[in-house]
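Student: Here is a sequence with its predicted model. Questions after.
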Amino acid sequence: RRHLLDLESLSGDEIRTLLDVADQLKQATGGCRNKISLLAGKTCANLFFENSTRTRNSFSLAAKRLGADTVEFSSAGSSTAKGETFVDTAKTIQAMGVDWVVTRHCTPGTPHLLARELECCVLNAGDGPHDHPTQGLLDILTIRQHRGRIEGLTVALVGDIAHSRTARANIWGLSKLGAHVIVCGPPTLVSERWGELGFEVAHNLDEILPRCDVLNLLRIQFERQSARPFPSVHEYANLYAMNVERMAKAKSDILIMAPGPINRGVEITPEVADGPHSVILEQVTNGIAVRMAALYLTANAPIS
Ligand code: CP
């Protein structure tokens, strides 16, 4: 494939290849720290129309670790303020001679639009609530590194499923690799439609907790909700925050994950976020690994 637009359209084998290459490149770069020259002479442009800390910087580092150059574009301060469209902006950056456009935008489907409009590779760094394929891959890679497999594990995605592109990427990616996926959260934030699609839907975290191998704790995306969200932060924390009391009900080897940014005291307490079961910062490092794999594999794919 020339693009990485979502995990829903990838096969289990394609996902496994991305994970295998991510592991290999992580090792080849000394844990994502050293440079190798696999992609020397190529250029990766980051086009971010929404804020980011992890995705943007790790795409940039991934390109640099493989010897590529980077172009950093933020809509803030750009000529979009003068009326230049999203597609014209992307075509302008492409005309500077880039091999990949990495795009983050609040509108679902924008990477798919660019894939039709551009000649270069397009990598989705998050399109509204739709998908965030490299986030799903880094989450799954982190689980696989700890457990050696995905098949047969019970993984709960907890929180704001309705507005979460990370949830969608995980749901498709994990299920294609044979995990049992539970989507858990308040009824206002978890659609029963997931049940119709064959996934387990739960609204009570305490009931499902004892049988979970992994919890991935999602942030409540208040920026994508109405001015009076339900539940409130306080109500949510009471019902769903992973805290020391809830950890006592969990499996002794449970993995605690969060895509970040985390809101301490809302979906996770500091004791759990910084505790021995947390792999949150390993997820960040693995973000470089999977983004190196995405750059490498798309660069070497035949034109589709
Ligand atoms: N998880 C994630 O996408 O983080 P950023 O918004 O900081 O990139």
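Tutor: Ah, there it is. These figures come from a predicted structure and were not determined experimentally. Numbering: from 1, shown residues only.
Student: Quick one: residues contacting the spatially most central residue of the chain.
Tutor: By Cα atoms, centre = their mean, the chain has its centre lying nearest to Gln135, at 1.6 Å. Applying Cβ atoms under 8 Å, 6 or more residues apart in numbering to Gln135 gives the contacts Thr55, Gly126, Arg165, Thr166, Ala169, Asn170, Pro259, Gly287. Using the backbone N, CA and C atoms, a C-beta is placed for each residue, glycine as well.
Student: Look up how far His180 lies from the first one.
Tutor: Right, Thr55. 27 Å (Cβ to Cβ, to the nearest Å).
Student: more crowded one of those two?
Tutor: More crowded of Thr55 and His180, by other Cβ atoms under 10 Å: Thr55, with 24 against 17.
Student: quick one: the residue lying farthest from the centre of the chain from Ala258, how far?
Tutor: The C-alpha centroid of the chain is most remote from Lys82, which lies 31.3 Å away (Cα atoms, centre = their mean). To Ala258, Lys82 is 38 Å away according to Cβ to Cβ.
Student: The residue nearest to the centre of the chain: what secondary structure?
Tutor: At Gln135 the chain is in helix, as set by DSSP: H, G, I helix; E, B strand; the rest coil.
Student: State the helix or strand in which the residue nearest to it when sequence neighbours are not counted lies.
Tutor: Once flanking residues are discounted, Gln135 sits nearest to Thr166: 4.8 Å by Cβ to Cβ, 6 or more residues apart in numbering. Applying DSSP states H and E as the criterion places Thr166 in helix 165-176.
Student: packing partners for that helix?
Tutor: helix 12-28, helix 133-147, strand 154-158, strand 180-184 (3 or more Cβ pairs under 8 Å, 6 or more residues apart in numbering; DSSP states H and E).
Student: ok and the third one relative to strand 180-184, angle-wise?
Tutor: Spelled out, it's strand 154-158. 20 degrees (axes from the mean of the first three to the mean of the last three Cα atoms, to 10 degrees).
Student: Count the residues that sit near Tyr236.
Tutor: Neighbours of Tyr236 using other Cβ under 10 Å come to 21.
Student: which residues touch it?
Tutor: Pro186, Ile220, Val266, Glu267.
Student: Would you quantify the distance from the residue nearest to His180 when sequence neighbours are not counted to the ligand?
Tutor: Among residues not flanking His180 along the chain, Thr154 sits closest, at 4.6 Å (Cβ to Cβ, 6+ apart). For Thr154, the distance to the ligand equals 23 Å [Cβ to the nearest ligand atom, to the nearest Å].
Student: Now do Thr154, the pLDDT please.
Tutor: You'll see Thr154 listed with a pLDDT of 98.
Student: same check, this time on Arg1
Tutor: 72.
Student: so how far is the ligand from it?
Tutor: Separation of Arg1 from the ligand (Cβ to the nearest ligand atom): 22 Å.
Student: Any idea how many residues pack against that residue?
Tutor: Neighbours of Arg1 using other Cβ under 10 Å come to 15.
Student: That one touches Glu14, doesn't it?
Tutor: Yes. In this structure, Arg1 is within contact of Glu14 by Cβ atoms under 8 Å, at 7.2 Å.
Student: Pull out the buried positions in the longest helix along the chain.
Tutor: Longest helix in the chain by number of residues (criterion: DSSP state H): helix 280-299. Neighbour-count burial for helix 280-299 flags 280, 282-299 (criterion: 16 or more other Cβ atoms under 10 Å).
Student: Spell out the residue ranges of the strands in the stretch 51-200 of the chain.
Tutor: Applying DSSP state E, counting those that start in this stretch to the stretch 51-200 of the chain gives strands spanning 69-74, 100-105, 121-127, 154-158, 180-184, 200-202.
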